[in-house]
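*Asks:* quick one, what's the 3D model for this:
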Amino acid sequence: MKRIISLSTVLLLALLTVNAQDKSLVNTSESPFAKVTAPNITDVVWTGGFWGERSDICMNSMVPHMLEQYLDDSVSHAYLNFRIAAGLEKGEHVGPPFHDGDFYKILEGLVMSYAQSPTPEKEKQLDEIIDMIGRSQREDGYIHTPVAIESRMHPEKKHEFSERLDFETYNMGHLMTLACLHNRVTDKENLLDIAKNATDFLYRYYKEYPAKLADNAICPSHYMGVTEMYRTTGEPRYKELAQGLIDIRNMVTEGTDHNQDRTPFKQQTQAIGHAVRANYLYAGAADVYTETGDDSILTALEHIWNDVVSNKLYITGACGALYDGVSPNGTTYQPSEIQQVHQAYGRPYELPNLTAHNESCANIGNLLWNWRMFAITGKAQYIDILEEVAYNSLLAAVSLDGINHFYTNPLSVNHAHGLSDSLRWSKEREPYISYCNCCPPNTSRTIAQMQSYAYAVSDNDVWVNLYGSNKLNTTLPSGEKINLSQTSQYPWDGNISIKIQEDPNATFNINLRIPAWVDEYTVKVNGKKINTDVAPGNFLSVKRKWTANDEIEIEFPMDVKLMAANPLVEATRNQVAVKRGPVVYCIEEADVPEETILTNIAIPVKNNLKPEHMAIGESNFMVLKGKATIIQAGSPEGKLYNELKPSNRKTNITLVPYYTWGNRGRGNMSVWLPVSN
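*Replies:* Numbering: from 1, shown residues only. The predicted structure follows:
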């Protein structure tokens with residue numbers, strides 16, 4: 001007997017298949033020029049291990065604490081600004097012009113908390129805040145509390161886009177990103193409607209005043225935001241706007257390298273200027289490419305990416321070496337062409353350690369950019385960089401208990417003669433960085449969203465990007481239901497088990513990322529070794545008809561490695577950094593014997609560093625212990641130059657993961673150390 005299926009049923013099944021991943025964090029499920037997309041936001045759950053621990057601290061400490069800061073008028077004034085803008089309170093705007101955007105970031109953390117453990121209390125809190133945000137919005141869709149408050153005081157004046165550094169589009173971009181996330185998690189449209197009005201306003205402004213809008217693309221989060229609004233709503237005007245925002249950068253009349261708009265974007269080949277603005281631009285441009293396929297955008301992004309990873313990236317995945325500099329730097333003597341840059345990328349190989357700026361937001365921007373490049377290409381090299389950021393510079397930005405935060409992330413701290421103390425940004429974490437708190441909510445939301453980067457899916461593939469204990473319960477675009485679990489103590493242990501929990505009754509690929517740091521590895525399926533001729537830094541594809549209880553076992557040897565920088569990096573010449581797996585290590589003053597100068601400790605080329613367990617509070621990690629040489633190179637209290645004398649002195653040393661530094665009090669620290677025979 002033949003089964004007859006109605007046309008409507010076929011269409012419904014097709015729709016369900018096409019939209020299987022339409023609730024992912026960055027929704028490229030229908031982007032014509034993306035090869036992969038992330039699973040839906042709730043499809044991946046950490047179940048323990050490294051990221052389970054970090055996620056618990058994020059949900060239970062980091063997000064609640066930071067949200068409390070933003071709701072406390074005596075600390076932040078951010079929420080009060082919305083109440084004043086809505087006319088419910090009297091007063092002036094307090095805080096930087098980008099305060100709204102930073103408030104939206106921590107609300108992303110609250111949405112992620114709701115996604116993981118929905119409660120009526122969280123839902124009510126979100127609804128109340130969203131209502132207040134909506135009350136502050138103008139009828140034409142414009143929303144920006146500094147201008148709204150000023151307009152109430154001086155209604156006769158036109159205030160929007162009057163100052164280039166008012167960060168209006170930055171704030172609106174983060175509103176759009178938040179609204180799309182909120183809609184995908186809750187299915188509500190109350191915040192999405194506010195974001196639609198804001199996006200409609202930007203579209204009208206783009207059509208009427210494109211050059212003015214281009215001038216106000218400062219830290220352009222709205223490139224990502226507008227693209228995500230297009231993906232969420234399907235509104236074709238938003239796609240037109242996203243492409244147009246890139247194109248109108250050519251209209252900027254007084255562009256700067258600092259803002260990456262002196263040269264038309266599609267002609268750029270190097271990372272320049274303010275690193276947060278740069279990385280947000282690159283991530284947003286990658287988003288636009290996934291929808292438009294504009295090859296000139298991708299060509300520029302590939303050139304810039306190669307410049308960063310070959311010339312300007314720290315070993316921790318951090319970027320933006322300079323607090324202050326000039327551009328072009330040392331390449332021309334045309335004073336009229338030389339401009340100041342701030343918190344910026346420097347010249348190739350200009351990677352100082354003590355004065356390294358490495359703003360936390362720039363490092364997060366690097367992560368966002370690399371995820372999007374991976375979505376476009378399916379290449380493991382981009383996840384390698386994402387992992388480098390995640391385990392090092394991202395986590396270093398927040399204390400192990402989730403309470404205190406860094407704005408900058410140097411690779412060396414030295415309090416002798418006040419060297420580190422004289423720098424503007426504190427080398428001790430703070431609960432709220434009063435002069436610029438943009439990074440802490442960004443760090444909080446990013447860690448809350450890390451599970452969305454663990455896997456990707458494509459038509460008939462599951463891509464395993466990050467390793468750690470978790471569960472994946474998702475549906476491939478081709479319709480196969482996938483239910484698997486991963487068990488691992490990665491990055492402390494290189495043994496990983498992936499088990500199929502339910503019989504999918506289907507043949508598909510499981511693509512395993514083989515990290516670039518691996519020298520050799522083994523993979524077994526149901527106890528039998530398989531061919532592993534794929535070079536590290538690529539994906540190994542395992543294709544078969546999978547059944548329940550099938551198991552993949554991976555072993556990555558976790559050798560301790562001494563890393564040397566390109567000799568053109570003057571700051572680290574004849575020095576080494578220590579890595580084990582993806583984790584970068586450092587030495588802290590707390591682990592240096594008394595009367596021993598930290599900078600005089602040298603790592604032997606043939607070292608005996610061994611991993612040992614250590615805990616600080618609820619955080620568990622592996623330190624490296626062994627022997628080192630003490631060189632006689634003078635002291636900070638001595639002369640500028642000293643004779644280097646032979647030394648056979650040895651000392652016991654302990655190296656801690658870079659991300660854990662600064663959790664045991666004030667003291668000196670260094671990632672790079674001299675090397676000895």
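*Asks:* can you map out the helices along the stretch 51-200 of the chain?
*Replies:* 63-71, 78-85, 99-116, 120-135, 145-153, 168-186, 190-208 (DSSP state H, counting those that start in this stretch).
*Asks:* residue 370: what's it in contact with?
*Replies:* For residue 370, the contact set (Cβ atoms under 8 Å, 6 or more residues apart in numbering) comprises 382-383, 385-386, 389. Every residue, glycine included, has its C-beta placed from N, CA and C.
*Asks:* ok so it is a strand residue?
*Replies:* No: judged by DSSP: H, G, I helix; E, B strand; the rest coil, residue 370 forms no part of a strand; its state is helix.
*Asks:* what about it, distance to residue 313?
*Replies:* 11 Å (Cβ to Cβ, to the nearest Å).
*Asks:* kindly report the same for residue 387.
*Replies:* Residue 387 is 13 Å from residue 313, by Cβ to Cβ.
*Asks:* which one of these two has more residues nearby?
*Replies:* residue 387 (25 against 21; other Cβ atoms under 10 Å).
*Asks:* that one and residue 487, how far apart?
*Replies:* 19 Å.
*Asks:* likewise residue 337?
*Replies:* 57 Å.
*Asks:* and if you look at residue 368?
*Replies:* Residue 368 is 28 Å from residue 487, by Cβ to Cβ.
*Asks:* same deal with residue 221?
*Replies:* 37 Å.
*Asks:* more neighbours: the two, which one.
*Replies:* Neighbour totals were compared for residue 221 and residue 487, and residue 221 leads with 31 against 19 (other Cβ under 10 Å).
*Asks:* read off the pLDDT value for residue 425.
*Replies:* Per-residue confidence (pLDDT) for residue 425: 67.
*Asks:* give me the number of residues near residue 27?
*Replies:* 24.
*Asks:* OK, contacts around it?
*Replies:* Here residue 27 is in contact with 21, 37, 180, 184, 228, 231-232 (Cβ under 8 Å, 6+ apart).
*Asks:* could you rerun that using 10 Å?
*Replies:* By Cβ atoms under 10 Å, 6 or more residues apart in numbering, the residues touching residue 27 are 19, 21, 34, 37-38, 40-41, 180-181, 184, 227-228, 230-232.
*Asks:* which of those residues lies closest to residue 161?
*Replies:* residue 227 (21.1 Å; Cβ to Cβ).
*Asks:* not counting sequence-adjacent ones, nearest residue to the closest one?
*Replies:* Nearest in space to residue 227, with sequence neighbours left out and distances taken as Cβ to Cβ, 6 or more residues apart in numbering, is residue 287 at 4.0 Å.
*Asks:* so that neighbour sits against residue 294, correct?
*Replies:* No: with contact defined as Cβ atoms under 10 Å, residue 287 does not reach residue 294; the gap is 11.6 Å.
*Asks:* so where's this structure shaky on pLDDT?
*Replies:* Scanning the chain for pLDDT under 70 picks out the ranges 1-19, 158, 329-336, 422, 424-425.
*Asks:* scan it for its longest strand.
*Replies:* strand 619-630 (DSSP state E).
*Asks:* need the CA coordinates for that one. CSV is fine.
*Replies:* Extracted in CSV, the C-alpha atoms of strand 619-630 (Å, rounded to 0.1, in the frame of the first residue of the first chain):
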residue,chain,number,x,y,z
SER,A,619,38.8,26.8,40.4
ASN,A,620,41.0,23.8,39.6
PHE,A,621,43.9,23.8,37.1
MET,A,622,47.3,22.4,36.3
VAL,A,623,50.5,24.2,37.2
LEU,A,624,53.9,23.2,35.9
LYS,A,625,56.7,22.5,38.4
GLY,A,626,60.4,22.0,37.8
LYS,A,627,63.9,23.5,38.0
ALA,A,628,65.2,26.7,36.5
THR,A,629,68.5,28.6,36.4
ILE,A,630,69.1,31.9,38.1
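*Asks:* following it, which helix or strand comes up?
*Replies:* Later in the chain than strand 619-630, the nearest helix or strand by DSSP states H and E is strand 650-657.
*Asks:* right, and the helix or strand after that following strand?
*Replies:* strand 669-670.
*Asks:* quick one: that following strand to chain centroid distance?
*Replies:* 23 Å (Cα atoms, centre = their mean, to the nearest Å).
*Asks:* partner strands of the next helix or strand after it and their direction?
*Replies:* Moving toward the C-terminus from strand 669-670, the first helix or strand encountered (DSSP H and E) is strand 673-676. Here strand 673-676 has these sheet partners by DSSP bridges: strand 575-580 (antiparallel), strand 601-604 (parallel).
*Asks:* which strands or helices does the helix or strand following the first one pack on?
*Replies:* So the one you mean is strand 575-580. Sequence order places strand 583-588 as the next helix or strand after strand 575-580, per DSSP H and E. Secondary-structure packing of strand 583-588 (3 or more Cβ pairs under 10 Å, 6 or more residues apart in numbering; DSSP states H and E): helix 395-396, strand 412-413, strand 575-580, strand 619-630, strand 650-657, strand 669-670, strand 673-676.
*Asks:* surely residue 390 forms part of a helix?
*Replies:* Yes: under three-state DSSP, residue 390 sits within a helix.
*Asks:* tally of neighbours for it?
*Replies:* Count around residue 390 with other Cβ under 10 Å applied: 25.
*Asks:* what do you get for the one 10 residues further on?
*Replies:* Residues lying near residue 400 (other Cβ under 10 Å) number 24.
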